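Trainee: make a model of this:
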Amino acid sequence: MKKACKKCRLFVDGGECPLCKSTNLSESWKGRLVVTDANKSEIGKELDIKAKGEYAIKVR
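Mentor: Residues are numbered from 1 along each chain as shown. Predicted coordinates for the structure are as follows:
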């Protein structure tokens with residue numbers, strides 16, 4: 001199962017988030033959002049996403 005960073009909600013393959021360097025990851029998440037251009041994404045702006053990638057909408 002994929003893990004999502006609890007701080008920035010980015011999906012992570014390893015044990016550390018490459019974006020914020022957090023190790024606080026969770027397998028309990030809901031919804032996916034793929035951001036291809038963070039500067040033009042209205043939803044990305046609403047969720048304070050600053051880099052392209054695949055994000056969880058809600059992380060517990």
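Trainee: just for the protein, where's the confidence low?
Mentor: When the per-residue scores of the chain are filtered using pLDDT under 70, no range remains.
Trainee: and the helices in it?
Mentor: With helices called from DSSP state H, the chain shows them at 42-46.
Trainee: residue ranges for the strands of it, please.
Mentor: 3-5, 11-12, 25-26, 29-35, 53-59 (DSSP state E).
Trainee: can you pull out the residues in contact with the second one?
Mentor: Strand 11-12 has contacts (C-beta atoms under 8 Å, 6 or more residues apart in numbering) with K2, K3, A4, C5, P18, L25, R32, G53, E54, Y55, A56. Every residue, glycine included, has its C-beta placed from N, CA and C.
Trainee: same list (the strands of the chain) but as a markdown table, adding distance to I43 and mean neighbour count.
Mentor: A markdown table is the format used below for the strands of the chain (distance: least, C-beta to C-beta, whole Å; neighbours: other C-beta atoms under 10 Å):
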| stretch | distance to I43 | mean neighbour count |
| --- | --- | --- |
| strand 3-5 | 16 | 23 |
| strand 11-12 | 16 | 20 |
| strand 25-26 | 21 | 17 |
| strand 29-35 | 6 | 14 |
| strand 53-59 | 9 | 18 |
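Trainee: could the ones you listed be laid out in a markdown table, adding distance to G44?
Mentor: Shown next, in a markdown table, are the strands of the chain (distance: least, C-beta to C-beta, whole Å):
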| stretch | distance to G44 |
| --- | --- |
| strand 3-5 | 16 |
| strand 11-12 | 15 |
| strand 25-26 | 21 |
| strand 29-35 | 5 |
| strand 53-59 | 8 |
